[in-house]
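>>> Fold the following for me, if possible:
(chains A and B)
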Amino acid sequence: MIYFDHSSTTPIHSEVSKRMYEINQDHFANPSSVYESGRKAKSLIEHARFQIAEAVGAKSSQIYFCSGGTEANNQVLWSLINQKNKHIIISAIEHPAISKVLERLKVFGVESTLVPVDKQGVINTSILLDSIRDDTGLISIMLANNEIGSLQPIRKIIKQINKPNVPFHTDAVQSIGKMSVDVYELGIDYMSLSAHKFYGPKGVGALFVKNRDKFSSFIVGGNQENGLRGGTENIAGIVGMGLAAELAVKNQEKCIAKLNLLEKHFLSNIRQSFPLAKHNAKNNLPGLLSISFPGYKSDILMAKLDRLNFAVSNGSACNAGIIKPSKVLKAIGLEDEINLSTLRISFGKDNTIEEVDQFIKTLNDILN
Amino acid sequence: MSGGVDSAIAASILVEQGYNVEAIFMKNWDEDDKEFCTAVEDYKDALQVCDKLNIPLRSIDLIEEYWEKVFKIFLDECKIGRTPNPDILCNKEIKFKAFLDYAKAFGADQIATGHYSMISNQNGSFQLKRGQDENKDQSYFLCRLNQYQLSKSIFPIGDLDKNFVREKAEKLGFMNHNKKDSTGICFIGERNFKNFLKKFFSIQPGEIIKNNGQVIGEHQGLMYYTYGQRQGLGIGGGYSDYEGPWYVSDKIIEENKLVVVQGKNNSELYHTHLTASNMNWIAGYPPEKNKNITAKIRYRSKDALCKINYRSNDILVEFETPQFAVAPGQSIVFYDQDICLGGGFIEKRGSKNIL
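Numbering: from 1, shown residues only, chains lettered A, B, ... in the order given. Below you'll find the model as predicted:
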């Protein structure tokens, strides 16, 4: 299989996988236990916390482990229901782990404002600033979009916010290892992370919380994660995430260079062989391309590519595998027909130029 | 592949025969009410089968096509008190048209379904035949297919018994081997027909009358009743019980009246003649006049000997024995022994001189 769907998930790094196996073999004890093996398990988790903190410029005490990006987002949004200011501002292209949560929160009095994006998938900053109300309790804007890769000018936005003390959350699930992410440089209050997007394991994520005053636990139970997240820790997953984050940041420059190379190679070739192809968000996260193929249905393209063992993606499928027009592509102005002829191609650190060449050749055979 | 046992075994047989098989899961209905959202469960069953067979599973969305080409017509027919059969339209317009087109775009040469029916190729002319399992035969629902559609289709389980299909599924380790057969109209599923239709129609109550005009009850809208219906009339006892239960014998659409008679043997419930329109002859032309032809006036009715008189805009069908509950809107489907010849929509029923 040639795998170009790294924005869905990444293969686990071999060092991470090896480390997790060791952890599962050697450190089964409950980190809450006070005897030696318990203490060891606890220190492993704390080391992972340090690794994550280092990777994003935070303090260890500001990192909380959870089950993934979705839970991290939920934790932040659900905290609104206990607060006086229940208005939230989000972009029109947030992940369902943000937008759908807000549908649920309506009954608790949480009101939301959706800020549109331009044709390149970049949020309209002036509308965002105008949307801030006296009762705005949270702004949540993703750092890089998962479908088109558009990057949001988070730092610039935060600098322009006049009203102090409006907490700012960013969903940075797509970004680690593909751009530098520093919580203080960005000026954010909360940030969601997910291990399996940067060659770590599935089922584990982390939330950066600058100041936990406004927070209570979302998953209620034991006193784990300093009382913010109940449930016995997923030790192997957490250790795996810590190591994956360290490796991602260590190899970041090399990885970005590689992704840019693959991307450039793909784009120049596809432009030559299929000039009608449309690259949807030009200022994109390295290696994440949203490409429309006018006149072709993406599900048929996908089926033909699948048959030849290429893995790419088209929008988000429901549980029964049905492809619906993507809301993100709609938000950047794509009509349903072109919306449904769009593929997402997301390269990874281990892809090669030869694989891209094979892909181009296969696409040519299908398209022409 | 629906997630049911029939299409699963259809696929497994093709795999055994060496075909290059891909499965497609088709979604025709947007289920917004969670209670009846079975598509996700069905998809999982289909996935398990495909995993066992080591074939790919893809999904297609034909919700819009189904709504436009099947459901709207179903509603229009209900509205005027007729008894439509959406499964017949679904086969003609969706499974063997929109789906077939889609499959071709996916690169398929032919499609296969889990229908209990057979196709035989007689020197390039395709015949549709009854399924081997008399109790499951589904040729009735395929009566509106044409030569092209049959030429592109395979029915791998048409010569099998349902029991055999289930046993084979169990042997192959398919989890759906004992899944309940789907019954009724697919988009209504296990729901109450009346409650389902209420979402689309306002209630238009009217009188229930005897055939002498005497009012004996109130109905809730003619579309909720079908010819020959016995239950749910709400008139029960009180009216000379010894004559037997009440049956719907007619609908007077213009006056919004439902006519009922007593006893299953009441002659008002039986007709020897009917007219049918929009004939589809699978061969591409009507059968010879002198053939011994039988017809079914609904899926579960027994074959009845009949004669067909071809007229300019319709056909007049004359039965040897009177037929129970002939329902306008339903399909009449003709057979020459095991060959399904085609069908049309029942328009009027009566005795020869009034038609």
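>>> Spell out which parts of the stretch 251-368 of chain A neighbour chain B.
When proximity is defined by CB under 8 Å from any CB of the partner chain, the stretch 251-368 of chain A lies next to chain B at A:297, A:299-300, A:303-304, A:306-307, A:317, A:319-324. In short, each C-beta sits where N, CA and C put it, glycine included.
>>> can you do 6 Å?
Counting by CB under 6 Å from any CB of the partner chain, the stretch 251-368 of chain A comes close to chain B at A:Ile300, A:Ala303, A:Asn319, A:Ala320, A:Gly321, A:Ile322.
>>> longest helix of chain B?
helix B:39-53 (DSSP state H).
>>> Now do the buried residues in it.
The neighbour-count check on helix B:39-53 (16 or more other CB atoms under 10 Å in any protein chain shown) flags B:Ala39, B:Asp42, B:Tyr43, B:Asp45, B:Ala46, B:Leu47, B:Gln48, B:Val49, B:Cys50, B:Lys52, B:Leu53 as buried.
>>> For the closest residue to the last one other than its chain neighbours, give me phi and psi.
Same thing as B:Leu53. Nearest non-adjacent residue to B:Leu53, counting by CB to CB, 6 or more residues apart in numbering or on different chains: B:Val15, 5.3 Å away. Taking degrees, to the nearest 10, you get phi -60, psi -40 for the backbone angles of B:Val15.
>>> Looking from chain A, tell me which residue of chain B is nearest.
B:Ser59 (3.2 Å; CB to the nearest CB).
>>> Tell me if that residue really is in a helix.
No. Using DSSP: H, G, I helix; E, B strand; the rest coil, the assignment for B:Ser59 is strand, not a helix.
>>> and the end-to-end length of stretch B:97-111?
End-to-end distance for stretch B:97-111, by CA to CA, to the nearest Å: 11 Å.
>>> Quick one: distance of stretch B:118-138 to the chain centre.
17 Å (CA atoms, centre = their mean, to the nearest Å).
>>> Could you list the domains of chain B?
B:5-178, B:202-265, B:268-354 (automatic domain parsing).
>>> what does chain A give?
Annotated domains of chain A cover A:2-9+A:252-367, A:14-250 [automatic domain parsing].
>>> Could I get those domains in a markdown table, plus columns for mean neighbour count, mean pLDDT and distance to B:Gln110?
Compiled in a markdown table, the domains of chain A are given as follows (neighbours: other CB atoms under 10 Å in any protein chain shown; pLDDT from 0 to 100; distance: least, CB to CB, whole Å):
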| stretch | mean neighbour count | mean pLDDT | distance to B:Gln110 |
| --- | --- | --- | --- |
| domain A:2-9+A:252-367 | 18 | 94 | 16 |
| domain A:14-250 | 19 | 96 | 36 |
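>>> picking that back up, would you convert the domains of chain B into TSV that also reports mean pLDDT?
Formatted as TSV, the domains of chain B follow (pLDDT from 0 to 100):
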stretch	mean pLDDT
domain B:5-178	94
domain B:202-265	86
domain B:268-354	94
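>>> Those domains into CSV, with extra columns for distance to A:Leu105?
Converted to CSV, the domains of chain B look like this (distance: least, CB to CB, whole Å):
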stretch, distance to A:Leu105
domain B:5-178, 19
domain B:202-265, 36
domain B:268-354, 48
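>>> how about residue 8, what does it touch?
I'll assume chain A. Contacts here follow CB atoms under 6 Å, 6 or more residues apart in numbering or on different chains; on that basis A:Ser8 touches A:Ser313.
>>> wait, I meant chain B there
B:Val49, B:Phe174.
>>> got the phi/psi numbers for it?
Note on B:Ala8: backbone dihedrals following degrees, to the nearest 10 are phi -60, psi -50.
>>> residues contacting the residue in the stretch 151-300 of chain A positioned nearest to chain B?
At 5.2 Å from chain B, A:Ile300 is the closest residue in the stretch 151-300 of chain A, using CB to the nearest CB. Applying CB under 6 Å, 6+ apart, we find A:Ile300 in contact with B:Ala105, B:Phe106.
>>> That one: which element?
Per DSSP states H and E: A:Ile300 is located in helix A:298-307.
>>> tell me how far that helix is from the chain's mean position?
Put simply, helix A:298-307 sits 25 Å off its chain's centre (CA atoms, centre = their mean).
>>> next structured bit after that helix?
strand A:310-311.
>>> what does that following strand rub up against?
Strand A:310-311 is contacted from outside by A:Met1, A:Ile2, A:Tyr3, A:Asp5, using CB under 6 Å, 6+ apart.
>>> And the next helix or strand past that strand?
Using DSSP H and E, the helix or strand that follows strand A:310-311 towards the C-terminus is helix A:327-331.
>>> Put the alpha carbons of that next one into PDB.
Extracted in PDB, the C-alpha atoms of helix A:327-331 (Å, rounded to 0.1, in the frame of the first residue of the first chain):
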ATOM      1  CA  LYS A 327     -18.700  21.400   5.200                       C
ATOM      2  CA  VAL A 328     -15.200  22.700   5.100                       C
ATOM      3  CA  LEU A 329     -15.100  22.800   1.400                       C
ATOM      4  CA  LYS A 330     -18.600  24.400   1.400                       C
ATOM      5  CA  ALA A 331     -17.200  27.000   3.800                       C
END
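>>> Contacts only, for whichever residue of chain A sits closest to chain B.
Residue of chain A nearest chain B, by CB to the nearest CB: A:Gly321 (3.2 Å). If you count contacts by CB under 6 Å, 6+ apart, A:Gly321 has them with B:Ser59.
>>> repeat for A:Lys59
A:Ala53.
>>> go again using 10 Å as the cut-off
A:Lys59 makes contact with A:Arg49, A:Phe50, A:Ala53, A:Val183, A:Tyr184, A:Phe208, A:Lys210, according to CB atoms under 10 Å, 6 or more residues apart in numbering or on different chains.
>>> cool, and A:Tyr190?
Per CB under 10 Å, 6+ apart, neighbours of A:Tyr190: A:62, A:72-73, A:75-77, A:79, A:138, A:140, A:167-172, A:183, A:207-212, A:214-215.
>>> now with 7 Å?
For A:Tyr190, the contact set (CB atoms under 7 Å, 6 or more residues apart in numbering or on different chains) comprises A:Val76, A:Pro167, A:His169, A:Leu207, A:Phe208, A:Val209, A:Lys210.
>>> What parts of the stretch 1-150 of chain B come near chain A?
Contact residues, the stretch 1-150 of chain B versus chain A (CB under 7 Å from any CB of the partner chain): B:25, B:27, B:39-40, B:43, B:56, B:58-61, B:105-107.
>>> Just the buried subset of those, please.
Buried residues within the residues of the stretch 1-150 of chain B next to chain A, counting neighbours by 16+ other CB under 10 Å: B:Phe25, B:Lys27, B:Ala39, B:Tyr43, B:Arg58, B:Ser59, B:Ile60, B:Asp61, B:Phe106.
>>> From B:Ile24, how far off is the spatially closest residue to the last one that is not a sequence neighbour?
So the one you mean is B:Phe106. In space, and not counting its chain neighbours, B:Phe106 is closest to A:Ala303: 5.1 Å by CB to CB, 6+ apart. Distance, A:Ala303 to B:Ile24, using CB to CB, to the nearest Å: 9 Å.
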